[in-house]
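J.: Build me a structure from this.
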Amino acid sequence: MELSNPIIIWGCIGLALMLAEIIIPGGIVILLGGACLVVASALAVGLVEGIVQSLTLWFIVSIVFLLGFRQLTQKLVGGDSHVDNTDEELDIYNQTAVVKETIGPAQHQGRIEFQGIEWSALGDGSEIAAGTRVRIICRDNIALVVEPCPDEVNMSN
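T.: The predicted structure is shown next:
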């Protein structure tokens, strides 16, 4: 057998891709390698001839394998499946901050420090003195809307 034989080439590419799954986990590369082995088998049996038919078969088998077996390989191989929150407003909701510049009364903006950064802040209409711990309710454009923490309200009464 010579190395320019398409059966050997497709078989070697398939085995290389399947072994690459060790380095590149995720379950996709092994399916692409399996599609290469299907093409090598089809060439050996005589179902396809030439590069155009081989590539066409590889594309079709790859898509079928990816759609059909992706869930299975994902469970077996694992991979990184961490999903982060894409709505940053949910990350800041209910967090606490400290008032740096008095907020209020009414719609008078003040400043708070949240996670080491100073932000413009709006209150609930009442005056919130500097040094008070506040809870972030939501965000209004570039300002955070805050209210005094319940324990701060009880301490001031």
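
J.: From here on, just use CA atoms for contacts and neighbour counts.
T.: Fine.

J.: Just name whatever secondary elements the one helix or strand Ile51 maps to is in contact with.
T.: Using DSSP states H and E, Ile51 maps to helix 50-77. When contacts are defined as 3 or more CA pairs under 8 Å, 6 or more residues apart in numbering; DSSP states H and E, helix 50-77 packs onto helix 29-45.

J.: Low-confidence bits of this structure, can you list those?
T.: For the chain, residues meeting the criterion pLDDT under 70 lie at 1-3, 77-91, 152-157.

J.: what about 80?
T.: The chain contains residues with pLDDT under 80 at 1-4, 25-27, 70-94, 104-107, 124-126, 139-142, 150-157.

J.: could you point out the longest strand in it?
T.: In the chain, assigned by DSSP state E, the strand with the most residues is strand 133-140.

J.: Going by neighbour count, which residues in it are buried?
T.: Within strand 133-140, the residues scored as buried using 16 or more other CA atoms under 10 Å are Arg133, Val134, Arg135, Ile136, Ile137, Cys138, Arg139.

J.: ditto for stretch 99-117
T.: Going by neighbour count (16+ other CA under 10 Å), the buried part of stretch 99-117 is 99-105, 109-114.

J.: what do you get for stretch 37-50?
T.: Leu37, Val38, Val39, Ala40, Ser41, Ala42, Leu43, Val48.
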